[in-house]
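Colleague: My questions are about this predicted structure, shown below with the sequence.
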Amino acid sequence: MGTIASAELKPGDLIEIFRPGYQHWALYVGDGYVVHLTSAGDITGAALANIMSSGTERAIVKKELLSKVAGKCMYRVNNKHDREYPPLPPREIVRRAEEKVGQEMPYNLTSDNCEHFVNKVRYGVHRSDQVYQATELILTGILGMGLAVIRTLTRVQRN
């Protein structure tokens, strides 16, 4: 993980950028550029807080230098679903990504985020593992709290 030499990146690769508290996703399209779904000022700071509180927002597809998008954050190639879903040919991935550049799209943290966007373009599959993992953690927490309450009530009934 870290900064990757441009020669190691291949057009169509998914790039996972590690931001504080979440991962931002982009598609490498060549010559140091990525295409990604983001708010007008990128989804950081006040923009992220606004999106998280409101639940929905509009976002824009941008083509920018990976070095600008990643900033000082670590990143890596993560084509994690290649075994489960065959990726489209690289030329088709790049074409699909670049034809979206400049388009405004709905943004929703749980149903239409940057990870959904890149997976849809690379694999034709609308999915976000971050959302799935967060939902799983929340449900596990709720289940754990429910079991704790049942145990407490059971102890109280015995006494």
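Modeller: Good, I have the coordinates.

Colleague: pretty sure Glu115 is in a helix, no?
Modeller: Yes - under DSSP: H, G, I helix; E, B strand; the rest coil, Glu115 falls within a helix.

Colleague: Confirm for me that it is in contact with Ala26.
Modeller: No - with contact defined as C-beta atoms under 8 Å, Glu115 does not count as touching Ala26 (10.0 Å). Every C-beta, even on glycine, is put in place using the N, C-alpha and C of the backbone.

Colleague: The two - which one has more neighbours?
Modeller: A side-by-side neighbour count of Glu115 and Ala26, using other C-beta atoms under 10 Å, places Ala26 first with 27 against 22.

Colleague: and that one, helix, strand or coil?
Modeller: Ala26 is classified as strand under three-state DSSP.

Colleague: Count the residues that sit near Gln23.
Modeller: 18.

Colleague: so what's His36 scoring on pLDDT?
Modeller: Confidence at His36, expressed as pLDDT, is 97.

Colleague: now it, which residues is it bridged with?
Modeller: Lys62 (DSSP bridges).

Colleague: Can you verify my assumption that it contacts Val29?
Modeller: No - the pair His36 / Val29 is not scored as a contact, 10.1 Å apart, by C-beta under 8 Å.

Colleague: If you count surrounding residues, which of those two has more?
Modeller: Neighbours were tallied for His36 and for Val29 using other C-beta under 10 Å; the higher tally belongs to His36 (25 against 22).

Colleague: Let me see the contact set for the more buried one.
Modeller: Residues in contact with His36 (C-beta atoms under 8 Å, 6 or more residues apart in numbering) are 24-27, 61-62, 64, 69, 114, 117-118.

Colleague: cool, Gly124 as well?
Modeller: Gly124 touches 85, 88, counting by C-beta under 8 Å, 6+ apart.

Colleague: how near is it to Leu88?
Modeller: 7 Å (C-beta to C-beta, to the nearest Å).
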